[in-house]
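Colleague: predicted coordinates and the sequence they were generated for:
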Amino acid sequence: MLPLPYLKVGYLTAPPADDPIAPHKHWERSQFILNHTELQQVNDSESAPVKANALVEKAKRFIKVDVADIVSVSTCSDLTLPPGAGLCINTTYGPVFLVADTWESLDGWLDAICLVYTIFARGKTDVLAGIITG
């Protein structure tokens, strides 16, 4: 059963998008979605009400990795990452590090990302898009 219109939906721990080498205390567990074109951190604040007369801070950026930019995907164990199962997505713009809660959860993310990338590399993204968007 797929969480249509996505291939995978779940939680990963991620650094702030504007500071990928932030200390562990700044990393946050948030929801991610994977579809036929990208892996994207979900913006929960879009549904949050804004208080009247509230000062608007600098817009928070969210992590987004386009499938076309992926070079490789692998597990990683590194003391510089927060506790958990490390995921390294090497892209044309540099590495993106994320952390899954468990190694089993990480296996699911790896399989899904590799599947989407393989379909993209074979030029069949439109077929996958047709399947998951109905």
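Modeller: Looks like it came in fine. Numbering: from 1, shown residues only.
Colleague: what about the protein, any weak spots by pLDDT?
Modeller: 1, 45-60 (pLDDT under 70).
Colleague: max-length helix in it?
Modeller: helix 103-121 (DSSP state H).
Colleague: list the buried residues in it.
Modeller: 105-106, 109-110, 112-113, 116-117, 119-120 (16 or more other C-beta atoms under 10 Å). All C-beta spots, glycine's among them, are computed from the backbone N, C-alpha and C.
Colleague: neighbouring contacts of it?
Modeller: Residues outside helix 103-121 that contact it (C-beta atoms under 8 Å, 6 or more residues apart in numbering): 7-8, 10, 12, 34-36, 39, 67-68, 70, 73-75, 85-87, 89, 98, 100, 125, 127-128.
Colleague: give me the buried subset of those.
Modeller: Buried members of the contacts of helix 103-121, counted by 16+ other C-beta under 10 Å: 7-8, 10, 12, 34-36, 39, 67, 70, 73, 85-87, 89, 98, 100, 125, 128.
Colleague: looks to me like residue 128 is in a helix.
Modeller: Yes. Assessed with DSSP: H, G, I helix; E, B strand; the rest coil, residue 128 lies in a helix.
Colleague: enumerate every residue touching it.
Modeller: Per C-beta under 8 Å, 6+ apart, neighbours of residue 128: 36, 116, 119.
Colleague: before we move on, what about residue 13?
Modeller: Counting by C-beta under 8 Å, 6+ apart, residue 13 makes contact with 27-30, 82, 84, 98-101.
Colleague: that one: which element?
Modeller: Secondary structure from DSSP states H and E places residue 13 in strand 8-14.
Colleague: I'd like the distance from that strand to the chain centre, please.
Modeller: 6 Å (C-alpha atoms, centre = their mean, to the nearest Å).
Colleague: next structured bit after it?
Modeller: Following strand 8-14 in sequence, per DSSP H and E, is strand 28-34.
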